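this one's structure only:
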């Protein structure tokens, strides 16, 4: 033992720098608050993105259902009108005899009403040997053989059962058709056809859902070319058969090159510098065979603006909350470390 150090000397404790400890504590508390607020902000952003994605899926699923229901209703309507024609006793003998003039006179008033009030674009009669005897929508058209070009009519003739659904017609126009069988004395004498075009159906969908809709036909799947005309947008195997916005879907086909066999799908894509939600469903003809796809595009720019604004608002709220919490913590620590005043000391001693 060192002789200069007393045996029972007491070493005084080092004074504690409370202000230094407080500064370290403040830094640690600030770091914890920043990490907590950052984590909460991240989780809020993820929740916001999840809600936006769920909203998109729900919205596009509703459009998908609306498209399916619209097609089914149009098919039932077309078939119902064709069946009503087939049940008029006066028409079967005229069709059996091939009396175009009498058939036209008998059905002119019906066609005029349906075409102007119900959106019917096709009404006609086919003979038992599969010749298109009379087109009320094209009364100057010749009597021609449709055995190879109209599989729906051929199926109705062979089975003796009505047919309805989507079909690519002789002229290449895609529409919803209903074909009913006409009989005389139990024998099939021909068929009656009623049809509606796709474009009015798509326009109705756009009105109710605010989505742009289009029908694309695959030549490989359908075996037929859609009609040339104003649309005339063909990319690879796909041809735009009907669309509420021809230019928009033309750019989509050129830029995305959608595969012809695309089934039910929902996705997002950039088009014209804007984000769009895309819903795709198969276009199925009367026989259940896929002949193309139905596309629905919904502009998501408004949703993006709302999401961005919500993110900014969340960030500002987190920043303001963090600053207020930091200021309150500093104030509390300052009060705790404030040296006692003389009056306070005198009172404590008393």
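The structure has been received and is ready for your questions. Note that the structure is predicted; figures quoted are calculated from it, not measured.

now for the residue lying closest to residue 144 once chain neighbours are set aside: which residues touch it?
Distances taken as CB to CB, 6 or more residues apart in numbering put residue 132 closest to residue 144, at 5.5 Å, once the chain neighbours are dropped. Just so you know, the C-beta spots here come from the backbone N, C-alpha and C atoms, and that holds for glycine as well. By CB atoms under 8 Å, 6 or more residues apart in numbering, the contact set of residue 132 is 124, 125, 126, 141, 143, 144, 146, 150, 170.

host element of residue 132?
Counting by DSSP states H and E, the element that carries residue 132 is strand 131-135.

in its sheet, what does that strand sit against?
The pairing partners recorded for strand 131-135 under DSSP bridges are strand 120-127 (antiparallel), strand 144-145 (antiparallel).

name the helices or strands packed onto the following helix or strand past the last one?
To tie it back to what came earlier, the one meant is strand 144-145. Using DSSP H and E, the helix or strand that follows strand 144-145 in sequence is helix 151-159. Packing partners of helix 151-159 (3 or more CB pairs under 8 Å, 6 or more residues apart in numbering; DSSP states H and E): strand 163-168, strand 174-184, strand 187-197.

got a list of contacts for helix 151-159?
Counting by CB under 8 Å, 6+ apart, 126, 128, 130, 146-147, 162-163, 165, 167, 177, 179-181, 188, 191, 193, 285-287 sit against helix 151-159.

any idea how far the longest helix along the chain is from the chain center?
Assignment by DSSP state H gives helix 18-86 as the longest helix of the chain. Mean-position distance between helix 18-86 and its chain equals 15 Å (CA atoms, centre = their mean, to the nearest Å).

okay, now the unreliable bits of the stretch 251-350 of the chain?
256-263, 301-308, 310, 332-350 (pLDDT under 70).

do a quick rundown of the strands in it.
265-271, 274-284, 290-299 (DSSP state E, counting those that start in this stretch).

quick one, which of those is packed in tightest?
Mean neighbour count, computed with mean count of other CB atoms under 10 Å, is highest for strand 290-299 among these, reaching a mean of 23.

quick check: angle from it to strand 174-184?
Going by axes from the mean of the first three to the mean of the last three CA atoms, to 10 degrees, strand 290-299 is angled at 140 degrees with respect to strand 174-184.

list the neighbouring strands of strand 290-299 plus their orientation.
strand 212-218 (antiparallel), strand 274-284 (antiparallel).

now render the ones you listed as JSON lines, adding distance to residue 35.
Shown next, in JSON lines, are the strands paired with strand 290-299 (distance: least, CB to CB, whole Å):
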{"stretch": "strand 212-218", "distance to residue 35": "45"}
{"stretch": "strand 274-284", "distance to residue 35": "32"}
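
how's the chain carved up into domains?
Split into domains by automatic domain parsing, the chain comes to 50-70+199-303, 77-198.

for residue 328, which of those is the nearest?
For those, the distance to residue 328 is smallest for domain 50-70+199-303, at 32.0 Å, taking CB to CB.

returning to what we had before: of all the strands paired with strand 290-299, which one is nearest residue 248?
strand 212-218 (5.8 Å).

what is the subsequent helix or strand relative to the closest one?
Downstream of strand 212-218 (by DSSP H and E), the next one is helix 219-222.

so for that following helix, what gets flagged as buried?
By 16 or more other CB atoms under 10 Å, the buried positions in helix 219-222 come out as 219, 221, 222.

ok, stretch 116-125 next?
For stretch 116-125, by 16+ other CB under 10 Å, it's 120, 121, 122, 123, 124, 125.

quick one: which of those residues is nearest residue 105?
Looking across the buried residues of stretch 116-125 and measuring by CB to CB, the closest to residue 105 is residue 125, at 12.9 Å.

the closest one contacts residue 193, doesn't it?
Yes - contact criterion CB atoms under 8 Å: residue 125 and residue 193 qualify, at 7.4 Å.

tell me the pLDDT at residue 32?
Confidence at residue 32, expressed as pLDDT, is 79.
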